[in-house]
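Colleague: Need coordinates for the following:
(2 chains)
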Amino acid sequence: MNGFAQATAAEWVKIRSVRSTAITLGLFAFVALGLGLLIARGFESGGPKEDAVLPVFFGLLTGQLVLVTFAVATVGAEFSTGTIRTSLAAVPSRGRFYAAKMTAVGLTLAAASLVVELASYTAVRLVIGDAAAPLTEWWTIQALLGGWIHLTLLSLFTAAVAVMLRSTVVALSVLLPVLFLSSQGLGNLPAIKPVVQYLPDQVGMVIMHLTVPGDERFGRDYGPWEGIAILVLWTAAALVGGWIAMRRRDA
Amino acid sequence: MIEVHNLTKRYRGGTAVDGLTFTVEPGRVTGFLGPNGAGKSTTIRMILGLDRPTEGTARVGGRPYAALERPLTVVGALLEAGDLHPGRSAREHLTWIARTNGLGRARVAKVLEQTGLTEVAGKRARTYSLGMKQRLGIAAALLGDPEVLILDEPVNGLDPEGVIWIRTLAKRLAGEGRTVLVSSHLMSEMALTASHLVVIGRGRLLADLSTEEFVAAHSGSNLEEAFMRLTSDAVQYRAGGTR
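Modeller: The predicted structure follows:
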């Protein structure tokens, strides 16, 4: 194994060896599935077919707050416990350490998101029955794919922000109010929408059919994959910011 | 061997380490002495590449720390014993550290045994006493079987048994031909452990001599008092200078 692979393997040991990982990821699954099922039970067929995936995404986007907490706490613990000094003594290359950490956290987020999303989709289908969104339709696959990318990248974005701020508490105090915008529906207020619709938590809405491009009230000025592209840019910017912070500062 | 040359660290509020030059030779325990806030920890962090020097260089085994491909096989360091995740067990703590440098499970088991932690290795670190955490820190330092060991205030907060354990271990490691640097603010402790002393105050080098010479120069007087006279001009407290 080369140095990067070794460092990444070590980060994976860190993630799986603390109980909070299982607790937060379990809570993420519980909230996403529970809420998805609850909404699915009240689902009435007859509306637009695309509505049949909404229970899945309402659950996932609420559960996302728990997933973000996992991402931020996993990174923040490094700084709050002082583990960072041991880490950098073992892996003196800051770039290698940072890349390894983000890779391990990112892969964990991607795996957790995929499993929970598929489980939630399956559960919601079982409740809704025939009216459910079929996997044979491209728009269902696109929504699920987009939802997965959204959950993974948005959480990775927050992990990188936590590196910049070097604290779980500070990072969550900054991030959670912003991420709550979507659940509060503030993203649809006409006065702030022109700007707010481009925030990282808002750009995945279109692909998940939570908004429709062009709709006057809830619409966005971009299409589904453009939204994902904006999220990629946000994530890339945060990753670069985290790397600059990691490279410069004393441990 | 550790070579420190003109090492300097300035913060906005002042200078923590000021043009420090000294060499730590293999085969003996070198005591790194100074009052609290003298710049010992900052110096050690710069040797380990954790803090960036404002000026000067530090080399370990002839190379800057950051240039070591598997640093733990060259240098083992104990910084603060509390620098670990309270929810992780000793074995898991050592396992992730071992992974970074491609060290196997056998090394983890070996250092657990060496530090007497085998039986508690599966328990989470939050249940450990300070002495056990200190042992875990030592275990991590020994993981790569390194030529150079740097222990920052290893006896702080330890009971007499722990103090003697560290003292014996440091001497044994030096006896095996390794380079051992032990920092402390207690002269009396260093007189028992170290055969060579590097004394600093306010970030400057005050003395670099054998323990014998120091004791001879101050024969008849209390060692701790002699140390206090040596560093008395150098005691000052700074914001941001210590951690």
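
Colleague: Sticking with the one residue sitting closest to the centre of chain A, tell me its helix or strand.
Modeller: A centroid search over chain A (Cα atoms, centre = their mean) returns A:L151, at 2.8 Å, as the residue closest to the centre. Assigned by DSSP states H and E, A:L151 belongs to helix A:138-165.

Colleague: Report the mean confidence score over that helix.
Modeller: Per-region confidence: helix A:138-165 scores 95 on mean pLDDT.

Colleague: Does the very next helix or strand once past that helix reach chain B?
Modeller: Counting by DSSP H and E, the element after helix A:138-165 in chain order, helix or strand, is helix A:168-184. No: residues of helix A:168-184 are not located near chain B by Cβ under 8 Å from any Cβ of the partner chain, the shortest gap being 12.5 Å. Quick note: C-beta positions are derived from backbone N, CA and C, even for glycine.

Colleague: Does helix A:168-184 pack against any helices or strands, and if so which?
Modeller: helix A:54-80, helix A:138-165 (3 or more Cβ pairs under 8 Å, 6 or more residues apart in numbering or on different chains; DSSP states H and E).

Colleague: ok, and for the helix or strand just after it, which residues are buried?
Modeller: On the C-terminal side of helix A:168-184, the nearest following helix or strand under DSSP H and E is helix A:193-196. Buried positions in helix A:193-196, judged by neighbour count with 16 or more other Cβ atoms under 10 Å in any protein chain shown: A:K193, A:V196.

Colleague: likewise stretch B:61-68?
Modeller: B:G61, B:Y65, B:L68.

Colleague: residues contacting the last one?
Modeller: For B:L68, the contacting residues are A:P92, B:V60, B:G61, B:V74, B:V75, taking Cβ atoms under 8 Å, 6 or more residues apart in numbering or on different chains as the criterion.

Colleague: Please type out the PyMOL selection for whichever of these turn out to be buried.
Modeller: Remark: buried members of those, expressed as a PyMOL selection using 16+ other Cβ under 10 Å:
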select buried, (chain A and resi 92) or (chain B and resi 60+61+74+75)
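
Colleague: a markdown table for the contacts of B:L68, including pLDDT, secondary structure and distance to B:R91?
Modeller: A markdown table is the format used below for the contacts of B:L68 (pLDDT from 0 to 100; DSSP: H, G, I helix; E, B strand; the rest coil; distance: Cβ to Cβ, whole Å):
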| residue | pLDDT | secondary structure | distance to B:R91 |
| --- | --- | --- | --- |
| A:P92 | 96 | coil | 24 |
| B:V60 | 96 | strand | 28 |
| B:G61 | 90 | coil | 29 |
| B:V74 | 97 | coil | 24 |
| B:V75 | 97 | strand | 23 |
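
Colleague: Among the contacts of B:L68, which one lies nearest to A:V206?
Modeller: Minimum distance to A:V206 across the contacts of B:L68 is 43.6 Å, recorded for A:P92 (Cβ to Cβ).

Colleague: That closest one touches B:G49, doesn't it?
Modeller: Yes: using Cβ atoms under 8 Å, A:P92 is in contact with B:G49, at 4.8 Å.

Colleague: okay, and the common contacts of the two?
Modeller: Common neighbours of A:P92 and B:G49 (Cβ under 8 Å, 6+ apart) are B:Y65, B:A66.

Colleague: So in chain A, which helix runs the longest?
Modeller: helix A:94-128 (DSSP state H).

Colleague: in that one, what's buried?
Modeller: Here helix A:94-128 shows A:94, A:96-110, A:112-114, A:116-117, A:120-121, A:123-125, A:127-128 as buried, counting by 16+ other Cβ under 10 Å.

Colleague: Next to chain B in this structure, residues from the stretch 1-150 of chain A, please.
Modeller: Counting by Cβ under 8 Å from any Cβ, the stretch 1-150 of chain A sits next to chain B at A:1, A:3, A:6-7, A:9-11, A:13-14, A:17-20, A:77, A:81-83, A:85-93.

Colleague: Domain map for chain B?
Modeller: Here the domain parsing of chain B from automatic domain parsing is B:1-74+B:148-243, B:80-145.

Colleague: Pipe these into TSV and attach distance to A:P55 per row.
Modeller: Putting these into TSV (distance: least, Cβ to Cβ, whole Å) gives the following:
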stretch	distance to A:P55
domain B:1-74+B:148-243	49
domain B:80-145	35
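
Colleague: quick revisit: out of the buried residues of stretch B:61-68, flag the one nearest to chain A.
Modeller: Of all the buried residues of stretch B:61-68, chain A sits closest to B:Y65, with 5.8 Å by Cβ to the nearest Cβ.

Colleague: which ones are touching that closest one?
Modeller: Neighbour list for B:Y65: A:P92, B:I47, B:L48, B:G49, B:A58, B:P71, B:V75 [criterion: Cβ under 8 Å, 6+ apart].

Colleague: Out of these, give me the one that has the most neighbours.
Modeller: B:P71 (28 neighbours; other Cβ atoms under 10 Å in any protein chain shown).
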